[in-house]
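Engineer: Sequence below, structure please.
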Amino acid sequence: MLYFLQSCVNCWTHYFMSWRFRSQKIFAITGVRRSGNHAFIRWLINALEGEHCTLVKLGHGVHRSPSGDTLFFNEMNYRGLMGYYTRTKKHASVIKKAKFVIISTEDYIPKKHDPYVPVQATRITIHRHLLNTISSRLKKSQDRALEGFERGDMKIDHEFMHYIRWLREESEKQSWVKWSYDDWVSSNDYREEFLSNLNLKNNIEPGISKEGDGSSFTGLSRTPNAQEVTRRYTQIAIPERIKALLLEPYYKSLLEPDSLDFLNNEVQDDAYKK
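Structural biologist: A predicted model of the protein is given here:
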């Protein structure tokens, strides 16, 4: 009964938000945390606006471009349905003036009639080299813990791997467009081609994302280069539990070849040391 009621609420919210954003071009963005979500969103906003933008914060999780043409609802699944609904109601006048709306979710698998994915949305998934994503989550979690701020959203467990499996194996079957962080940081041609497929052309480098507190490794101090972000797994110790999790037969296929080689060598080295 509870599942049925929740499904009804999700379905109603899905169509209500589709109506609320009926006059805007909508982008629904989803990916796991520390995989480049905010880098992509900042880049997309610059492309939509045709200039480099510093976002204006309207409230917790809600930002707009200086022109008011683009509105960004950040990590709405973390706010919950009521928080999402309340924010769209509070900022209804801003929504009316906007041309574009971006709604992001993280560590989340969208449902068939999803409240955070309006009917008319262009749906984009964020992909990053798995071991680099894990390394960034580990670094972020460690730094937060040292400051007493750890909130438990950087976990690397079966649930996390469930999100990865959906991204890698199911999302494109459901008509989500794949964006690769690794290709984006390495290739200008990839950037221009991706924008062209969205009928956009303004390839403008984004600033450091304040929403995600910048890079897990360098914070807000500077933007890391491509060589750094594509080799994060060599810059932090991967715990034995995570190595064992990733090398389980059910998950091994999700690893890139270099990651698999790296982990196998790590496991052999550990066994030799013992």
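Engineer: Any idea how many residues pack against I109?
Structural biologist: Using other CB atoms under 10 Å, I109 has 15 neighbouring residues. (C-beta placed from N, C-alpha, C; glycine too.)
Engineer: which residues touch it?
Structural biologist: Neighbour list for I109: H162, Y163, W166 [criterion: CB atoms under 8 Å, 6 or more residues apart in numbering].
Engineer: Can you select the buried ones from those in ChimeraX?
Structural biologist: To isolate in ChimeraX the members of the contacts of I109 that are buried, counting by 16 or more other CB atoms under 10 Å, one can use:
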select :163,166
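Engineer: excluding its backbone neighbours, what's nearest S259?
Structural biologist: Residue nearest to S259 in three dimensions, not counting chain neighbours: L131, with 4.1 Å by CB to CB, 6 or more residues apart in numbering.
Engineer: quick one: which of the contacts of I109 is nearest M76?
Structural biologist: Nearest to M76 out of the contacts of I109 is Y163 (CB to CB; 16.0 Å).
Engineer: Which parts of the stretch 101-250 of the chain are helices?
Structural biologist: In the stretch 101-250 of the chain, the helices defined using DSSP state H, counting those that start in this stretch lie at 130-147, 158-165, 181-186, 188-197, 226-229, 240-246, 249-252.
Engineer: circling back: so the residue nearest to S259 makes contact with Y233?
Structural biologist: Yes. At 4.0 Å, L131 counts as touching Y233 under the criterion of CB atoms under 8 Å.
Engineer: Need the residues touching each of those two.
Structural biologist: With CB under 8 Å, 6+ apart, L131 and Y233 have common neighbours S259, F262.
Engineer: Stretch 31-50: how far from the chain's middle?
Structural biologist: 8 Å (CA atoms, centre = their mean, to the nearest Å).
Engineer: Let's test this: mean pLDDT of it, rounded?
Structural biologist: Computed over stretch 31-50, the mean pLDDT rounds to 97.
Engineer: What residues of that stretch count as buried?
Structural biologist: Buried residues in stretch 31-50 (16+ other CB under 10 Å): 31-49.
Engineer: Make sure R34 is indeed in a strand.
Structural biologist: No. Going by DSSP: H, G, I helix; E, B strand; the rest coil, the assignment for R34 is coil, not a strand.
Engineer: Excluding covalently adjacent residues, which one is nearest to it?
Structural biologist: Closest to R34 by CB to CB, 6+ apart is S136, at 3.9 Å.
Engineer: Isn't the one you found up against R232?
Structural biologist: Yes. Taking contacts as CB under 8 Å, S136 lies within contact range of R232: 5.8 Å.
Engineer: show me the residues around V101 that make contact.
Structural biologist: Here V101 is in contact with F21, Q24, K25, I26, F27, T70, L71, F72, F73, I95 (CB under 8 Å, 6+ apart).
Engineer: Please narrow these to those residing in helices.
Structural biologist: Of the contacts of V101, the ones assigned to helices by DSSP state H are I95.
Engineer: Let's have the contacts of V101 in CSV, adding pLDDT.
Structural biologist: Listed next are these as CSV, based on pLDDT from 0 to 100:
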residue, pLDDT
F21, 97
Q24, 98
K25, 98
I26, 98
F27, 98
T70, 98
L71, 98
F72, 98
F73, 98
I95, 97
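Engineer: so of the contacts of V101, which ones are in strands?
Structural biologist: K25, I26, F27, T70, L71, F72, F73 (DSSP state E).
Engineer: Look up the residues forming beta bridges with the fifth one.
Structural biologist: Following DSSP bridges, L71 is listed with bridge partners R64, V101.
Engineer: so it makes contact with I95?
Structural biologist: Yes. Using CB under 8 Å, L71 is in contact with I95, at 6.2 Å.
Engineer: and the two? which has more neighbours close in?
Structural biologist: Ranked by neighbour count (other CB under 10 Å), L71 and I95 place L71 first, with 25 against 19.
Engineer: Run a quick neighbour tally on L138.
Structural biologist: Residues near L138, counting by other CB under 10 Å: 21.
Engineer: can you count the residues close to the nearest residue to it once chain neighbours are set aside?
Structural biologist: Nearest residue to L138, sequence neighbours excluded (CB to CB, 6+ apart): I236, at 5.6 Å. Close neighbours of I236, defined as other CB under 10 Å, add up to 16.
Engineer: go on, K252?
Structural biologist: When neighbours are counted by other CB under 10 Å, K252 registers 13.
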